[in-house]
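>>> Following is a predicted model, sequence given first.
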Amino acid sequence: MANADAREEIVENFYRVRRTLGYLGFLLPFLLIVGGLYFNANEPSISDYYHTLLRDIYVGILTAIGIFLICYTGFRRDEVQRFSDDAVTTLAGAAALVAAFVPNRGTLNASMEPEALTQHIFGVWLCDMTHHVAALTFLLSLAYLCRYRFARTAKAGRRRIYLACFWIIVIATAATMVVAWMRKYGTPEQADVVIRYQLVFWFEAIGVWAFSLSWLVKGRADASILAAMRTARPFRGGGGQGAN
């Protein structure tokens, strides 16, 4: 009975962490959209909200996601897998924390003046490059989890969702890189289109929402396992009493 209780607690902990990560991923773009509409200050990218009144939401949620990912251990690596859950989620969590506290240059910062502690220490240009590498690492690490960890042992229906989330994250990340390049190095007309329609923001949001969906579905799978374990326990107990 003690072993059964311990297994249930482990599954329930996984369920809560995965569900929380899913909700946080959903809330990040959503709250920035609502806040941007309220303050009439919609930014071209998620990262640009660091330089607005919504900085606390941006930094707070990314920090929570990063800490949850670092604390999440997942399952051990077997002989077939190259990386463990713990290694991938720790990398993704560390990248999320870097993206939170090492800001990009910001759309309005044409003078390259430091606006954060890390920018004062390392310089605006280096922080800008580090931020984008961290954001890329964060998204691709989560895509890896969808494709090579979640989908590997999932049932057919959930496996299709995980694979869809993988491709959405990959495609959205690639599209983000393209429109971000157009914003910085394209023609004035291209940059204007990217900024006006917030293309970077929406591609980033789609990738983050795909990450959110994958973790919510994974958490739902844990809930099903937990319910099955709790349903099966009385039958095991009843069988034991009958044998006695």
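Good, I have the coordinates.
>>> what helix or strand does the nearest residue to residue 139 once chain neighbours are set aside sit in?
Nearest residue to residue 139, sequence neighbours excluded (CB to CB, 6 or more residues apart in numbering): residue 173, at 4.8 Å. For glycine as for every other residue, the C-beta is placed from the backbone atoms N, C-alpha and C. In this assignment (DSSP states H and E), residue 173 forms part of helix 156-185.
>>> Can you name the element that comes right after that helix?
Next element after helix 156-185 (DSSP H and E): helix 188-196.
>>> what angle do that following helix and helix 156-185 make?
130 degrees (axes from the mean of the first three to the mean of the last three CA atoms, to 10 degrees).
>>> Would you mark the buried spots in helix 188-196?
Residues 191, 194, 195 are the ones in helix 188-196 that count as buried (16 or more other CB atoms under 10 Å).
>>> Can you show me the CA trace of that helix as PDB?
What follows is helix 188-196, C-alpha atoms only, in PDB (Å, rounded to 0.1, in the frame of the first residue of the first chain):
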ATOM      1  CA  PRO A 188      12.000  49.800 -44.800                       C
ATOM      2  CA  GLU A 189       8.800  48.400 -46.400                       C
ATOM      3  CA  GLN A 190       9.500  44.900 -45.100                       C
ATOM      4  CA  ALA A 191      10.300  46.100 -41.600                       C
ATOM      5  CA  ASP A 192       7.100  48.200 -41.600                       C
ATOM      6  CA  VAL A 193       5.000  45.200 -42.500                       C
ATOM      7  CA  VAL A 194       6.600  43.100 -39.800                       C
ATOM      8  CA  ILE A 195       6.100  45.700 -37.100                       C
ATOM      9  CA  ARG A 196       2.700  46.800 -38.200                       C
END
